[in-house]
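Novice: with the sequence up front, the predicted model follows.
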Amino acid sequence: MEPVKIAENVYWVGAIDWEVREFHGSTYHIPRGTTYNAYLILDEKPTLIDTVRDSFAGEMLERIGKIIDPKDIHYIISNHTEPDHSGSLPAMLNINPKAKVICSGKGKEGLSKYYSDKWDFQVVKTGDTLNLGKRNLKFIEAPMLHWPDSMFTYAVEDQILFPNDAFGEHLASSQRFADEIDPAILEEELKKYYANILYPLSRLIPKKIEELAPLGVTPKIIAPSHGAIWRKDLDKLIQFYLKWSGGWAEEKVVVLYETIWDSTKKMAKAIAEGVASAGVPVFVSKISETPLSDLIKEIVFSKGFILGSSTVNNDLLAGVVPLLEELKGLKPRARVGAAFGSYGWAGGATKAIEEQLTLSGMQIVMPAQTVRFAPSESELAACFEFGKQFAGKVKGSS
Ligand code: FEO
């Protein structure tokens, strides 16, 4: 693919990773792949904004080479140290050792340890500017969005914001612009990315958005480092972030379970039918049948969560533990929860679930629904009623 012009003398020169399916270890399943977006600005001092994962260095250099000799790049802006964006810095600096690397203070610390402390670094802070010739760049530190080193770069005259990981999504596509991509797919991937990368940092997001205009940052284009570039409907993207960071959730219930001999599964189905009978949409899955990152997206954007597990050794099944660990970090706000599960000779799973959901900040709104051995017809009817009543609690929750 050729470089893609996004504005006069500004080009996308990144890489498309069609095949990657796991991100951040194996915690984030990305069935649609991703892109690593790097941008080239042509001016008296040609400038590269971010690079790509190391295995795509050749692809990036080839794209740059179709516009200028990579040896002529004067500045390389590193908005974020994580290797999906910094991984090709060594390849760039090997070709062009005189290039100056612009980054935050924490960025310098990270890049020095990852790669080399011999590079020509220039540390920038919020409000600092850099003249490239006819245009200027302005920097905005964005610590914890999503690493301490993260920063945004703003091309002042072009009104392009390069916010690195913020406003991105994992979506490999031959289209570079958001307005060229199916809006439903784009929103789904944006939400999933927000839930898995940014949700725990939500309180920082409205403040960072508010900080931009007083700094003179009024973008007409938002060019993140993953996925689509926004040149239209920027308000829609900003509103998504304000809504999600404000704790928005759908009036919907997520029913998840792990089971040994399908008794808890039968309970889950009956509970889900009860929820649906009250007119509340429901998502139901065995935990191990759906990637954890998809479950996280469902949970953080739904008002109600019902979690079930069979009991083994007076405790819940091991398959439930990774999800509960994730939830403790995410702390979904103002959500209502409940537990259910079958047991044989002794219970214990539902008590453990209630304790763990409470630690995640959920309010347990109903006593747990339990069944010994296999559910009878009357017990399944009770599960249905349990789901129906829980739906009522969700309707009444803020
Ligand atoms: Fe935090 Fe896309 O790396």
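Specialist: Here it is on my side, so go on. Residues are numbered from 1 along each chain as shown.
Novice: residues contacting stretch 348-361, please?
Specialist: Contacting residues not belonging to stretch 348-361 are listed as 305, 307-317, 320, 324, 327-328, 330-333, 335, 337, 339-341, 343, 364, 368-370 [CB atoms under 8 Å, 6 or more residues apart in numbering]. (Glycine included, C-beta is placed from N, CA and C.)
Novice: return the set of buried residues in it.
Specialist: Of the residues in stretch 348-361, 348-354, 356-357, 360 count as buried by neighbour count, 16 or more other CB atoms under 10 Å.
Novice: near the ligand, which residues of the protein are found?
Specialist: 80, 82, 84-85, 146, 165, 225-226 (CB under 6 Å from any ligand atom).
Novice: ok, 5 Å please
Specialist: Residues of the chain lying close to the ligand by CB under 5 Å from any ligand atom are 82, 84, 165.
Novice: format those residues as CSV; extra columns: secondary structure.
Specialist: Output for the residues of the chain next to the ligand, formatted as CSV (DSSP: H, G, I helix; E, B strand; the rest coil):
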residue, secondary structure
Glu82, coil
Asp84, helix
Asp165, coil
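Novice: what is the nearest of those to the ligand?
Specialist: If you rank the residues of the chain next to the ligand by distance to the ligand using CB to the nearest ligand atom, Glu82 comes first, at 3.6 Å.
Novice: show me the contacts for that closest one.
Specialist: If a contact means CB under 8 Å, 6+ apart, then Glu82 has 147, 165 as its contacts.
Novice: which residue ranges of the stretch 51-200 of the chain form helices?
Specialist: Secondary structure of the stretch 51-200 of the chain (DSSP state H, counting those that start in this stretch): helices located at 57-65, 83-86, 89-95, 105-114, 183-193.
Novice: would you list those in JSON lines and tack on distance to Ala270?
Specialist: Shown next, in JSON lines, are these (distance: least, CB to CB, whole Å):
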{"stretch": "helix 57-65", "distance to Ala270": "52"}
{"stretch": "helix 83-86", "distance to Ala270": "44"}
{"stretch": "helix 89-95", "distance to Ala270": "55"}
{"stretch": "helix 105-114", "distance to Ala270": "51"}
{"stretch": "helix 183-193", "distance to Ala270": "29"}
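Novice: tell me the most buried of these?
Specialist: Greatest average neighbour count among the helices of the stretch 51-200 of the chain goes to helix 83-86 (a mean of 23), per mean count of other CB atoms under 10 Å.
Novice: mean confidence score for that helix?
Specialist: In this model, helix 83-86 has a mean pLDDT of 98.
Novice: what's the answer for stretch 33-40, then?
Specialist: 98.
Novice: what about that stretch, start to end distance?
Specialist: Using CA to CA, to the nearest Å, the end-to-end distance of stretch 33-40 comes out at 23 Å.
Novice: please shift the residue numbers so they start at 840 in all later answers.
Specialist: Fine by me, first position is 840 from now on; the one you just mentioned is stretch 872-879.
Novice: and the strands in the stretch 890-1039 of the chain?
Specialist: 914-916, 939-942, 959-962, 968-970, 975-980, 990-994, 999-1001 (DSSP state E, counting those that start in this stretch).
Novice: what's the closest of the helices of the stretch 890-1039 of the chain to Thr866?
Specialist: Set against Thr866 and scored by CB to CB, the helices of the stretch 890-1039 of the chain come closest in helix 1022-1032, at 12.3 Å.
Novice: what does that closest one contact?
Specialist: 871, 1007-1010, 1017, 1065-1067, 1076, 1079, 1083, 1132-1133, 1136, 1140.
Novice: from those residues, which single one is nearest the ligand?
Specialist: In terms of CB to the nearest ligand atom, no member of the contacts of helix 1022-1032 lies closer to the ligand than His1065, at 5.7 Å.
Novice: helix/strand/coil for the closest one?
Specialist: Under three-state DSSP, His1065 falls in the coil class.
Novice: need phi/psi at it.
Specialist: phi -130, psi 140 (degrees, to the nearest 10).
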